[in-house]
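Make a model of this:
(one chain, ligands or ions: 1)
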Amino acid sequence: MKIKKILSLVLAGAMALSIGCTSGKQGGSAVGENSGGDSGGDKKLVVGYAQLGAESEWRTACTNSIKEEAEQRGIELKFSDAQQKQENQIKAIRSFIAQGVDVIGVSPVVESGWETVFKEVKDAGIPLVLVDRKADVSEDLYTSYLGSDFVEEGRKAADELAKLIDSKGNIVELQGTVGSSAAVGRQEGFLERLNEKYPDIKIIKSQTGDFTRAKGKEVMEAFLKSDGENIDALFSHNDDMAIGAIQAIEEYGKKPAEDIKIVSVDAVKGAFEAMIAGKLNVTVECNPLLGPQFFDVCEDIVAGKDVTKYIPSEEGVFRQDTAAQDLPNRKY
Ligand code: AHR
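Prediction:
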């Protein structure tokens, strides 16, 4: 009896030891254990994504793309919406670190102020991918940046706007969120083109509308109040603000896209509808459907493959005359 009892205790101990060893081995490399390599292969990849908010039609499309793609690939997504507040994004990133996710993705609401938390991510050994917007940090603090060339979007917008007003006139600018890479880049590209090629185009007013429809309308109302009879064109850093501005222009008694030409950025469906209604002239594309590229990068990283530091999105320009043909093919 006694011997039997001792034998079963030894057996139980040996089993516990072997389970302990296996989980110890897996736990040693979060990257390896989810990569489908030596350690079982069926454990889900866990990705934390710190989205900046839900401020525009574009952002909604971006979020949907990330969520849908995670579901399709069977990836466990921990998603956080920071409501346009950097401190909320930082909290989310810290909570992803605490949960030991395999990869962290973030769309930084502004460029500055990320150094400390990104260092924490690096110290925790978690790869970090910047999605859509850039951060002003040294390159060793993130693995890859995936998104648009905002400076190029600004250049394209300037060329389109110049065509509409024969390279001369007064324009007003609705800027995106102050300090965001999207607003900084678009303004830089736009000004660069004006300085180089269009000396007779003057920016008479420029203010932020924070990428939202409501603020775009509010700021355009103020522009019209002070300079209503002097404005030839509007450059809006996104379609949502342009749509808000269109309302303000109509309420002021002018015809958008005729009396005041309008070029914006994003190419969301709302912009095509406005172009078809003859109220917006041009939209420069900024692609929000980043889910597939984002999870490709995540999977490549955990599989130990080399990933490039910058992965650009491919983008076009859409004008009023083809908007009705283009709309049915738009996915966002
Ligand atoms: O960072 C991309 C920008 O953010 C889009 O142009 C804008 O609509 C969004 O809010």
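
drop to CA atoms for contacts and neighbour counts, all remaining ones
Noted.

Could you pull up the residues touching residue 49?
With contact set as Cα atoms under 8 Å, 6 or more residues apart in numbering, residue 49 has these partners: 77, 78, 79, 80, 104, 105, 106.

now, the most widely separated pair of these?
77 and 106 (12.7 Å; Cα to Cα).

Could you check which of these two is surrounded by more residues?
For residue 77 versus residue 106, the count of surrounding residues by other Cα atoms under 10 Å is larger for residue 106: 24 against 19.

Report the contact partners of the residue most central in space within the chain.
Centroid-nearest residue in the chain: residue 132, 3.1 Å away (criterion: Cα atoms, centre = their mean). Going by Cα under 8 Å, 6+ apart, residue 132 touches 107, 145, 146, 147, 148, 288, 290.

From residue 110, how far off is it?
With distances taken as Cα to Cα, to the nearest Å, residue 132 is found 12 Å from residue 110.

Residue 318 now?
Taking Cα to Cα, one finds residue 318 at 27 Å from residue 110.

same question, residue 266
Look at residue 266 and residue 110: by Cα to Cα, they are 18 Å apart.

With neighbour numbers in mind, choose between those two.
residue 266 (26 against 23).

quick one: that one and residue 272 touch, right?
No. Using Cα atoms under 8 Å, residue 266 is not in contact with residue 272; the gap is 10.4 Å.

distance of residue 83 from the ligand?
Distance, residue 83 to the ligand, using Cα to the nearest ligand atom, to the nearest Å: 11 Å.

Give the rounded mean pLDDT of stretch 293-312.
For stretch 293-312, the mean pLDDT works out to 96.

correction: stretch 81-88
For stretch 81-88, mean pLDDT rounds to 98.

can you give me the offset of that stretch from its chain's centre?
The chain centre lies 13 Å from the centre of stretch 81-88; the measure is Cα atoms, centre = their mean, to the nearest Å.

how many neighbours does residue 93 have?
Around residue 93 there are 24 residues (other Cα under 10 Å).

so how far is the first residue of stretch 64-80 from its last?
Its first and final residues considered, stretch 64-80 spans 13 Å by Cα to Cα.

contacting residues around that stretch?
For stretch 64-80, contacts defined as Cα under 8 Å, 6+ apart pick out 44-51, 89, 92, 96, 288-292, 294-295.

so after the helix or strand bottoming out on mean pLDDT in the chain, what's the next helix or strand?
Taking mean pLDDT, DSSP states H and E as the measure, the chain has helix 30-34 as its least confident helix or strand, at a mean of 32. Next in sequence after helix 30-34, counting helices and strands by DSSP states H and E, comes strand 46-51.
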